[in-house]
Structures are given as C-alpha cells and as structure tokens.
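Undergrad: what follows is a predicted protein model with its sequence.
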Amino acid sequence: MPAALYIESASAVSPAQTLGAGFPDALPLPNTNRLRCIEPEYKDFIDPRLIRRMSRVVKMGTAAAIACLREAGVTMPGAILTGTAYGCTEDTEVFLQKLIAQQEEMLTPTAFIQSTHNTIGAQIALLLQCHAYNNTYVHRALSFEHALLDGCLLLEEGAAETALVGGVDEITDTILQILQRFDLYKNTPAGEAAAGYASPGTIAGEGAAFFLLRNTQTAKSICRLNAVQTWYKPADLAAATRAFLAAQQLAPADVELVLLGKNGDIRHDGAYDSWKNLLFPAAAAAVFKPVFGEFPVASALGTWLAVQVFAQGRLPAPLGPEGPLRPRNILIYNQFYGTHHSLILLSAC
C-alpha cells in the first residue's frame, strides 16, 4: 500500500438524503427489503440536454462525481477511477429485450454502447473534457477497493496530483428478481432487519460515492487514507488484520471506531461480531448497510460515512454511538457473502 494520501471531499447518492443536504441528523430505516437511491435534481449537476440520454446509474455516478469535485474546488482531476460490479444493467436489459423482440434484426447500437461497465467513468470524462488516465474496475465486491488502490498508486508514483475515485452500482427489477431466487434478500421489512431481526437474507441496496484524493495535505484535507487491503476467503482474518495494522505501525488498540458492513443476514453477521470482539473490544462500532443496503460496492458508502465522521465529528442515528466522535483512526471492514473481504484505514489529519 502506498504512503498516506489525503481525502479532500466525498459525495454520495444513496438511499438516504446524502447529496447536497449536508450530513443528516438521522438516517431513516425504510420499511422495505429494497432500498432505492434518493436521487437529486440532476440538472443541478448535468446539462439538461444530456440527461435524457443517460441511464439512471450513469446519472447517479456522474452527479456524485461532479458534486465531489465542486466540494473540493477542483475543476479537472488528474485521473478518474471507477469501481462497479453490475455496471449499466438497465441499458443491458434494454438491449437484450430488443434483441429478443426484434429477432436480432435492425438493432440500434445506443443501448449496447451504453451498457458497458466503463460508461460511467467515460461519461464523467466527457463532461469534464478530461483526457487523463481513466480506468474502471469490475472485480465483483472488491471493485471499489481496487479502484481506490489504483488511484493511490498513481498518486504515489507522481503520475497525477489528484484522483477522482468512486464506486457505483444499481439494483434493477430484473437483477432483484434473479438474486431473490438464491435467497439473498429478506422478505421482511428493512427496518426489522436493521434492528437485529436475525434471519437469512439481506436488504438490496444501491448507490454511488466519489472521493477526491490528493498526494499532499492542504487546508481542505478532511482525513488521511492510510491503507487498503483485500482478501478472498482468508484463512485467518484476525491475523491478517493484525499484520495490516502493524504495517501502518498501529496496534488494534489504536483504532477507536470500526465501521462494519453488517447487513442483517444471520449467516454472515456473526463473523463481524467475532472479529470486532476479538480485536477491538474497546472500540466504538457502527454499521452502514441498514440505510444503504447490500450491494457489491457498498464499502464505498461505508467510506463516505467514515469521511463524514472526520468532517462532522458525529454519526447520524441509528448507525452507531450518539454524541461527539473524534477518533484518530477509523477502520472499515466489509465482507460480501463470506468470500470477499476488505479493510480500509482512515486517520485524522
């Protein structure tokens, strides 16, 4: 992992009111097992003439990216890195439906062109007229982390001074129906699941979060990004976590707040509790998926929440401990159905 870098801004479109409204005092728990994004007025971020040609996920990602740049006061990033597992599924569905309905004849290429996973990053670059490094990572539940790592490496190498890094995924009706066949989602309301309703399945979510990274500290720096690491089915996550912290010259006792990706699924949530109780018994703990839902790049929303803690010094109810929070170090631990695991370490400037 590269040397520490700095986050200057963070913006998110999510199932909570997180874009353009500041950090909310409380985040409601919707009474459904599917959480859809509360979308902003897109014309505030995108030329209205272009909006009608964009799919929903492209609009979400583009609005979050533009808001992030505005917050940092940056007009042109040195690189654009995007992580997405599902990509532009809405356009993919449109193309496949026309493929069947029109018997593979007289197909318009627009939906196919806009169905590729890199459409979001490409659209951001087109709007900004940015010709810098632009890459999209499609690594399932580690897509955002790998985009983040790529941005960090670019900055450390001096290839760019700033990097716009984000994670974006949507949940469509078709994707929801397919995944429900595998018993991935609950049939109970999300509020019950977030309150500790122990049963198999989780809550479907979606969202877009972008961050502006810089290789030097400035007056606008909110926090440091110290390290990112990923594992696939680790044999001993506790030992891996200790090694991860030791590489940053930290001990588990130095972490004051852990953000957990618990999602209400009784089959996997116990792993979070065991990990936290073993390594960080004295640390405060908070969760982020009860209001954002479960999706492959949900860790991007968890990272957004951590940045807000550094910026605002508190957590909105009901995600974690009430009252002022001034942690020196925040560790974000996310896992996806027990296979893909990641740690992201942020520290106060």
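TA: Happy to help now that I have it. Numbering: from 1, shown residues only.
Undergrad: and the closest residue to residue 340 other than its chain neighbours, how close does it get to residue 51?
TA: Using CB to CB, 6 or more residues apart in numbering and skipping the chain neighbours, the partner closest in space to residue 340 is residue 141 (3.8 Å). For the C-beta atoms, the positions are set from N, CA and C on the backbone; glycine is no exception. For residue 141, the distance to residue 51 (CB to CB, to the nearest Å) stands at 30 Å.
Undergrad: neighbour-wise, which of the two wins?
TA: Comparing residue 141 with residue 51 by neighbour count (other CB atoms under 10 Å), the higher total belongs to residue 141, at 26 against 15.
Undergrad: name all residues that make contact with the more buried one.
TA: 85, 296-297, 299, 334, 336-337, 339-340, 342 (CB atoms under 8 Å, 6 or more residues apart in numbering).
Undergrad: shaky segments in this structure?
TA: Scanning the chain for pLDDT under 70 picks out the ranges 1-3, 21-31, 111, 188-198.
Undergrad: can you rerun that using 50?
TA: Scanning the chain for pLDDT under 50 picks out the ranges 1-2, 193-195.
Undergrad: tell me which element the spatially most central residue of it falls in.
TA: Geometric centre of the chain, nearest residue: residue 300, 1.7 Å, by CA atoms, centre = their mean. Using DSSP states H and E, residue 300 falls within helix 298-312.
Undergrad: I'd like the next helix or strand past that helix.
TA: Counting by DSSP H and E, the next helix or strand C-terminal to helix 298-312 is strand 329-336.
Undergrad: residues making contact with that following strand?
TA: 140-141, 226, 241, 245, 250, 254-261, 268, 271-272, 275-276, 280, 294, 296, 298-299, 302-303, 306, 309-310, 341-348.
Undergrad: now find how far off-centre it is within its chain.
TA: 12 Å (CA atoms, centre = their mean, to the nearest Å).
Undergrad: partners of that strand, with directions?
TA: strand 257-260 (parallel), strand 340-348 (antiparallel) (DSSP bridges).
Undergrad: what's the closest of those strands to residue 76?
TA: strand 340-348 (25.3 Å; CB to CB).
Undergrad: buried stuff in that closest one?
TA: For strand 340-348, the neighbour count (16 or more other CB atoms under 10 Å) marks 340-347 as buried.
Undergrad: redo these as TSV? Include distance to residue 112.
TA: As requested, the buried residues of strand 340-348 are exported to TSV (distance: CB to CB, whole Å):
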residue	distance to residue 112
340	29
341	34
342	32
343	37
344	35
345	40
346	39
347	44
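Undergrad: surely the residue nearest to the centre of the chain and residue 167 touch.
TA: Yes: Residue 300 lies in contact with residue 167 (CB atoms under 8 Å); the separation is 3.1 Å.
Undergrad: report the set of residues contacting both of the two.
TA: Common neighbours of residue 300 and residue 167 (CB under 8 Å, 6+ apart) are 83, 144, 208-209.
Undergrad: just the buried members of the residues you listed?
TA: Buried among the shared contacts of residue 300 and residue 167 by 16+ other CB under 10 Å: 83, 144, 208-209.
Undergrad: redo those as TSV? Include distance to residue 64 and secondary structure.
TA: What follows is these, written out as TSV (distance: CB to CB, whole Å; DSSP: H, G, I helix; E, B strand; the rest coil):
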residue	distance to residue 64	secondary structure
83	13	strand
144	13	helix
208	4	strand
209	6	strand
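Undergrad: can you tell me which of those residues is nearest residue 157?
TA: Closest to residue 157, out of all of these and judged by CB to CB, is residue 83, at 19.7 Å.
Undergrad: got the contact list for the closest one?
TA: 136-139, 143-148, 165-168, 297, 300.
Undergrad: which ones among these map onto strands?
TA: 136-137, 165-168 (DSSP state E).
Undergrad: quick one: buried residues of stretch 321-336?
TA: 325, 327, 329-336.
Undergrad: quick one: it to chain centroid distance?
TA: Counting by CA atoms, centre = their mean, stretch 321-336 comes out at 15 Å from the chain centroid.
Undergrad: sorry, back to before: name the nearest of the contacts of residue 141 relative to residue 130.
TA: After measuring these against residue 130 - CB to CB - the closest member comes out as residue 297, at 21.6 Å.
Undergrad: distance of that closest one from residue 102?
TA: Separation of residue 297 from residue 102 (CB to CB): 33 Å.
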